[in-house]
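Visitor: I would like the atomic coordinates for the input below:
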Amino acid sequence: MNIIRISSLLGVAGFVLQVATSKETLKVSVLVWPPGSNIYLGESVLLQCSVESNSSFEWSYQWLKRRPHAAPVPTPNPRHLVSGDSYSITAVTREDAGSYRCQAKPWESNTSVVLISQPVALSVSELPPPSLLTLTPSTRQIFRGERFTVQCPVSQTNSSGWMLRQFPQGRGVRRVFDTGGCSPLGGSVSADESNKCVFTAYSGKSGLYWCAGTEGRSNAINITVSYGAIILKTPAFPVFEGDKVVLYCQYWRGIHNKTTFFKNGAKIVTYSSTSSDRVIKMTIENVTQEDEGFYKCASQDREMESPESWLSVRLDRGNFTSTDGTAPSTSAGSWTWIILSCAIVALFLIPVTVWLIYHYRWCRCWPFSKADLPAVELPVTNQDVTEVQWDLSWMEMSNLLDKRLYPGS
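Guide: I've put the predicted structure just below:
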């Protein structure tokens with residue numbers, strides 16, 4: 001017991017000594033991937049708690065969030081996942097705006113030293129990103145050995161201005177990989193399009209992907225390469241109310257007679273199959289926001305169960321991308337409303353203007369009816385007369401002015 005206690009005290013003393021000698025380099029901060037404080041609806045975002053220290057201790061992390069004009073969120077959001085030094089957000093919504101910070105403390109030490117980062121404020125943009133990344137097939141989960149393609153948008157000003165970037169998953173030291181081509185990321189250029197990279201899925205290909213260039217960055221998507229026995233493929237990008245959505249439950253191998261689909265942990269439906277097809281489909285006709293949530297599938301005996309995958313549903317398309325990830329062609333909807341509003345205003349103003357001209361041209365109080373008469377200088381009135389005149393009615397005031405301007409009329 002004494003040996004353990006002495007060892008513990010020596011550990012604390014050693015940590016305190018390390019902190020004292022490296023105080024100027026002891027720092028914790030929050031890194032945002034993709035970089036920047038502006039995030040976009042429907043994309044994936046990852047926050048990383050980074051500790052700069054000369055000590056060799058392992059760190060444990062805790063995350064805090066505060067929404068604008070609201071108390072701290074007491075319960076975790078199902079779209080928010082904490083893993084080690086990472087805080088990931090799946091399918092960003094307006095609720096994800098707020099201030100985030102992390103705190104770190106030594107994992108194997110009884111010391112009370114706690115490092116707290118400065119808050120990082122994230123704002124959710126109501127506008128789409130400058131350009132959009134395209135993923136084929138459109139799914140966040142993919143089996144090892146399968147092929148997928150990531151395509152950067154074609155720049156309007158520079159055909160080679162976009163770079164594909166990846167932030168890999170996993171603990172330990174990580175860095176962003178970027179390239180103007182595909183080979184540095186382990187991919188190959190598509191034979192069809194030079195800005196499309198083809199990858200073969202393995203563990204090193206899991207992570208965040210986005211495109212960056214002089215015009216800004218694209219939306220980011222998180223891809224997970226599975227080494228399990230079953231996955232569920234949901235659309236990687238948001239779908240819109242009224243769309244037809246197909247979820248694919250895919251087995252790695254074998255024949256499975258029955259497959260059950262779940263939403264937010266509750267059973268939805270069970271499909272029977274007698275074919276050797278390893279893919280079971282569930283179709284949602286006319287999807288609504290009530291269909292948004294986490295989905296998974298499982299074999300009949302529940303021995304094989306896929307990881308959950310989020311289905312994001314939006315009310316309307318607006319100026320955002322379609323489900324296949326293509327960019328909006330024009331802002332025709334906005335121009336239509338502008339033109340329609342101008343037409344309505346014009347239809348209202350024209351008859352009103354005509355009526356006013358006709359009415360005041362023939363009104364007795366309008367001076368233009370006597371424009372051919374020589375102008376007569378207005379008499380100077382004292383202050384109290386003016387005050388009385390302003391208390392008169394408009395017609396009485398008009399008669400008074402006529403008598404002064406045109407005597408004998």
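Visitor: low-confidence ranges, this structure, go.
Guide: 1-25, 67-76, 109-111, 154-161, 171-181, 274-276, 317-349, 351-409 (pLDDT under 70).
Visitor: in it, which spans are helices?
Guide: 2-21, 332-362, 383-391, 394-405 (DSSP state H).
Visitor: what number of residues lie near the residue nearest to Gly293 when sequence neighbours are not counted?
Guide: Excluding its sequence neighbours, the residue lying closest to Gly293 (Cβ to Cβ, 6 or more residues apart in numbering) is Asn264, at 4.8 Å. In this view, the C-beta of every residue, glycine as well, is placed from N, C-alpha and C. Neighbours of Asn264 under the rule other Cβ atoms under 10 Å: 12.
Visitor: what of Trp33?
Guide: Residues near Trp33, counting by other Cβ under 10 Å: 21.
Visitor: now do the contacts for it.
Guide: Val45, Leu46, Leu47, Gln48, Phe167, Val176, Leu208, Ala220 (Cβ atoms under 8 Å, 6 or more residues apart in numbering).
Visitor: near the closest residue to the fourth one other than its chain neighbours, how many other residues are there?
Guide: This points to Gln48. Closest residue in space to Gln48, ignoring its immediate chain neighbours: Leu31 at 4.4 Å, by Cβ to Cβ, 6+ apart. Residues within reach of Leu31, counting by other Cβ under 10 Å, total 18.
Visitor: quick one: Leu31 from Ala191, how far?
Guide: According to Cβ to Cβ, to the nearest Å, Leu31 stands 37 Å off from Ala191.
Visitor: same question, Asp291
Guide: In terms of Cβ to Cβ, Asp291 sits 37 Å off from Ala191.
Visitor: more crowded one of these two?
Guide: The neighbour count for Asp291 versus Ala191, taken as other Cβ under 10 Å, is higher for Asp291 (16 against 8).
Visitor: right, and the more buried one touches Leu311 too?
Guide: Yes - Asp291 is within contact range of Leu311, at 6.6 Å (criterion: Cβ atoms under 8 Å).
Visitor: what do these two both touch?
Guide: Shared contacts of Asp291 and Leu311, counting by Cβ under 8 Å, 6+ apart, come down to Val245.
Visitor: what residues are up against Arg217?
Guide: Pro34, Gly36, Pro129, Pro130, Trp210, Cys211.
Visitor: of those - the most surrounded one?
Guide: Cys211 (29 neighbours).
Visitor: for the residue nearest to Gln48, give me its contacts.
Guide: Leu47, Gln48, Ser50.
Visitor: and the gap between it and Asp85?
Guide: 10 Å.
Visitor: if we can go back for a sec, show me what contacts the residue nearest to Gly293?
Guide: Counting by Cβ under 8 Å, 6+ apart, Asn264 has contacts Pro78, Gly293, Phe294.
Visitor: can I assume the last one is in contact with Ser312?
Guide: No - shown here, Phe294 and Ser312 do not form a contact pair, counting by Cβ under 8 Å, at 10.8 Å.
Visitor: those two: who's more crowded?
Guide: Per other Cβ under 10 Å, whichever of Phe294 and Ser312 has more neighbours is Ser312, with 22 against 18.
Visitor: for Ser206, phi and psi?
Guide: Phi and psi for Ser206, reported as degrees, to the nearest 10, are phi -70, psi 140.
Visitor: quick one: contacts for it?
Guide: Per Cβ under 8 Å, 6+ apart, neighbours of Ser206: Pro168, Gln169, Gly170, Ile223, Thr224, Val225.
Visitor: on that earlier part again, now, which of the contacts of Trp33 lie within strands?
Guide: Val45, Leu46, Leu47, Gln48, Phe167, Leu208 (DSSP state E).
Visitor: I'd like to know which of those residues are buried.
Guide: Neighbour-count burial within these applies to Val45, Leu46, Leu47, Gln48, Phe167, Leu208; the criterion is 16 or more other Cβ atoms under 10 Å.
Visitor: closest to Ala91 among those residues?
Guide: Val45 (9.8 Å; Cβ to Cβ).
Visitor: in the sheet, who's paired with the closest residue to that closest one other than its chain neighbours?
Guide: Using Cβ to Cβ, 6+ apart and skipping residues adjacent in sequence, the residue nearest Val45 is Ile89, 4.6 Å away. Going by DSSP bridges, Ile89 is paired in beta bridges with Val45, His80.
Visitor: what sits against Ile89?
Guide: Going by Cβ under 8 Å, 6+ apart, the list of residues near Ile89 reads Ile39, Ser44, Val45, Leu46, Leu47, Arg79, His80, Asp96.
Visitor: let's go with 6 Å and repeat that
Guide: Val45, His80, Asp96 (Cβ atoms under 6 Å, 6 or more residues apart in numbering).
Visitor: distance check, it against Lys105.
Guide: Taking Cβ to Cβ, one finds Ile89 at 24 Å from Lys105.
Visitor: next: Phe237.
Guide: 38 Å.
Visitor: of these two, who's got more company?
Guide: Phe237 (23 against 18).
Visitor: hey, what's Ser226 bridged with?
Guide: What pairs with Ser226, by the bridge criterion (DSSP bridges), is Phe143.
Visitor: that one: how many residues sit nearby?
Guide: 20.
Visitor: kindly report the domain assignment for this structure.
Guide: 2-125, 134-333, 363-405 (automatic domain parsing).
Visitor: one step back: Val279: which of the ones in strands among the contacts of Trp33 is nearest?
Guide: Among those, Leu208 lies closest to Val279 (Cβ to Cβ), at 26.5 Å.
Visitor: who's the closest one bridged to?
Guide: Applying DSSP bridges, one finds that Leu208 bridges with Phe167, Asn222.
Visitor: quick one: contacts for the closest residue to Leu115 other than its chain neighbours?
Guide: Using Cβ to Cβ, 6+ apart and skipping residues adjacent in sequence, the residue nearest Leu115 is Val28, 4.1 Å away. Contact analysis of Val28 by Cβ under 6 Å, 6+ apart lists Val51, Ala104, Leu115, Ser117.
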